[in-house]
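J.: sequence and computational prediction follow.
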Amino acid sequence: MGTNTAAVAGKKTFGQWLKSRKGQQTVIIIAFIIIPLLLLFTFTYLPFAEMVKFSFYKMKYVGARKFVGLDNYRALFARKDIVSSLKLCLYYMVGALIQIALALYLATILSMKVKASGLFKGLIFFPYLINGIAIGFIFKFFYTRGFVFDTVLQWCGFQLDSLPYWLKDQSINNWSLVGSSVWRYCGQQMVLFIGAIMSVDDTLYEAADLDGANKFQQFKYIILPSIKTIVTLNIILSITGSLSAFEAPFVITDGANGTGTFFVVMNTIAHTNQKVGLASAMAVFLLCIIFICTILQKLFFKFAFRNMHADDESRSAKKKRVKAAAAQPAAAVKGGR
């Protein structure tokens, strides 16, 4: 009788368990898991699923819908404005590679002992803090005929009549927009590179100095292999970001004179022409392109850095052999005792 009473007393009701420390910890853990997943599903996955569904309809924001199957996806390759906007991504991809090379060069220099390096880091990083719309207005004024850029070139001896219209001439206007993008994002990537370079072990530089290695050799054999992960990440983000360029061509030129990128054309089709189904198909198609580009880049860098991975493995194997060799005499001494 006493045993049964103790067993009943030992059991807790759900309310008592909920008020206990263990119960509260469990509730908090479940809440931290469920609430973010619920928000992610509500504001990301559900709208994305609706967008995929819209891509199979001919529809406007308000009104009747007509199921058209894959007609919207076929129209992507039939419309010249969409095809030409995809080609413009090549300009921004080239600009992304130039931007990464410039950011890596500046990061390598500023990570060394340079006077006023903090000031230079702040000045180069500052454009990234400016709003993209504001940067668009800045460069729209900067490239306007006879204004800032033309004035600076005239100081250098150029005649105004010999200079092109930076935002109208279709042979140069897209490069002008790419230049504004490089100016904005170069500082952000430079800071990421500096953070990675500063984490490199200083003893490697000291050993390289003793071996007589110059700065370029230190960069090639110490810095670049040590930050290959950040380099790969920056290139992937830059290339995929170049596929979705929007702010600069939208604010500076409004997509005129052959500067309309894929996002600018998609914005016009969705909001001006009210072709929501076609715009949704464009968004899904762009997502597939970005996904494919990301996979190809990862495979490329896995192949390109295969020798560096082998070097890392050989270093770790060498360390294990050194530790094993150091442990053998100690084991022998203990065995002798």
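T.: Thanks, I have the structure now.

J.: what is the three-state secondary structure of Val62?
T.: coil (DSSP: H, G, I helix; E, B strand; the rest coil).

J.: care to break this structure down by domain?
T.: 21-46, 74-304 (automatic domain parsing).

J.: deepest of the ones you listed, which one?
T.: With neighbours defined as mean count of other Cβ atoms under 10 Å, these peak in mean count at domain 74-304, which reaches a mean of 16. Yep, even glycine has a C-beta here, placed from its N, CA and C like the rest.

J.: chain neighbours aside, what residue packs nearest to Phe285?
T.: Leu76 (5.7 Å; Cβ to Cβ, 6 or more residues apart in numbering).

J.: before we move on, which element is the one you found in?
T.: Using DSSP states H and E, Leu76 falls within helix 71-78.

J.: surely the residue nearest to Phe285 touches Ala279?
T.: No - if you go by Cβ atoms under 8 Å, Leu76 and Ala279 don't touch, sitting 10.6 Å apart.

J.: returning to that earlier point: now the helix holding Leu76: mean pLDDT?
T.: The average pLDDT within helix 71-78 is 91.

J.: which other helices and strands contact the very next helix or strand once past that helix?
T.: Sequence-wise, the next helix or strand downstream of helix 71-78 (DSSP H and E) is helix 80-110. Applying 3 or more Cβ pairs under 8 Å, 6 or more residues apart in numbering; DSSP states H and E, we find helix 80-110 packed against helix 71-78, helix 117-129, helix 173-198, helix 228-242, helix 262-267.

J.: what do you get if the cut-off is 10 Å, keeping everything else the same?
T.: helix 71-78, helix 117-129, helix 173-198, helix 215-218, helix 228-242, helix 262-267, helix 276-304 (3 or more Cβ pairs under 10 Å, 6 or more residues apart in numbering; DSSP states H and E).

J.: dump the ones you listed to TSV, plus distance to Lys22.
T.: Shown next, in TSV, are these (distance: least, Cβ to Cβ, whole Å):
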stretch	distance to Lys22
helix 71-78	53
helix 117-129	46
helix 173-198	40
helix 215-218	55
helix 228-242	40
helix 262-267	51
helix 276-304	43
